[in-house]
Structures are given as C-alpha cells and as structure tokens.
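Chemist: Next comes the sequence, and after it the predicted model I'd like to discuss.
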Amino acid sequence: MIATKQMDLRANIKKYFDIAFNGEPVIVSRKENKNVVIISETEYNELAKARQNAEYLTKLNRADEQIKNGQVVTKTMDELLAMEE
C-alpha cells in the first residue's frame with residue numbers, strides 16, 4: 001500500500017492511477033483525516049461482490065435460524081394456487 005498527499009497526487013495522477021491499476025492501493029491523505037483510497041475497478045468489483053455474498057449469507061443464516069426455531073408458515077400446493085387467484 002502506498003500513501004501520498006493530495007498535492008502529490010495531483011502532480012502525478014497518472015503514476016498513482018497506474019499503481020492502483022496494477023493492484024497496489026493508494027492512500028491519499030487529506031485534512032481532518034478524511035483520507036481516501038484509490039483502487040482498480042477490478043479490485044472494487046471484487047470487494048463489492050464479497051460484500052453482496054456476505055449479505056446473502058447473513059440472510060441465509062437468519063432463514064436457517066427461523067426454520068430451526070419453527071418460525072415458518074407451511075402451505076400446500078393447493079393453498080398456494082388458491083392464493084394466486
């Protein structure tokens with residue numbers, strides 16, 4: 001991971017974008033500790049996918065707990081078809 005200041009980033013933006021594109025995150029320090037991190041689109045997409053997977057697994061775990069605790073509603077196929085009408 002590389003760290004730089006905002007002014008240095010402005011002066012060498014292509015250099016830092018290339019570094020990020022090649023898989024090395026770049027931390028840009030800013031006033032009041034409002035730092036940002038530059039990463040490649042590929043790495044961002046991987047992080048977004050991992051987050052979505054984690055959210056999905058949380059939902060599955062919650063549903064599994066509800067099933068184990070008997071917090072389910074059971075319907076027959078006829079009841080489901082009647083609901084459709």
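Modeler: Ah, there it is. All of these numbers come straight from a predicted model, not from anything done at the bench.
Chemist: List the buried residues in the top helix by length along the chain.
Modeler: When the chain is parsed with DSSP state H, its longest helix is helix 41-68. Neighbour-count burial for helix 41-68, counted by 16 or more other C-beta atoms under 10 Å, picks out Glu43. In short, each C-beta sits where N, CA and C put it, glycine included.
Chemist: SS state for Lys75?
Modeler: coil (DSSP: H, G, I helix; E, B strand; the rest coil).
Chemist: Tell me the spacing between the closest residue to it other than its chain neighbours and Ala63.
Modeler: For Lys75, ignoring the flanking residues on the chain, the nearest one in space by C-beta to C-beta, 6 or more residues apart in numbering is Met83 at 7.6 Å. Between Met83 and Ala63 the computed distance is 20 Å (C-beta to C-beta, to the nearest Å).
Chemist: Then Val26?
Modeler: 40 Å.
Chemist: thinking again about what came up before, for the one helix or strand the residue nearest to Lys75 maps to, buried residues please.
Modeler: Under the criterion of DSSP states H and E, Met83 resides in helix 77-84. By neighbour count with 16+ other C-beta under 10 Å, helix 77-84 contains no buried residues.
Chemist: CA-only coordinates of that helix in CSV, if you can.
Modeler: Extracted in CSV, the C-alpha atoms of helix 77-84 (Å, rounded to 0.1, in the frame of the first residue of the first chain):
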residue,chain,number,x,y,z
MET,A,77,-49.6,-26.6,-3.3
ASP,A,78,-53.4,-26.2,-3.4
GLU,A,79,-53.2,-23.3,-0.9
LEU,A,80,-50.5,-21.6,-2.9
LEU,A,81,-52.5,-21.9,-6.1
ALA,A,82,-55.6,-20.6,-4.4
MET,A,83,-53.5,-17.6,-3.3
GLU,A,84,-52.6,-16.9,-6.9
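Chemist: contact partners of it?
Modeler: Lys75 (C-beta atoms under 8 Å, 6 or more residues apart in numbering).
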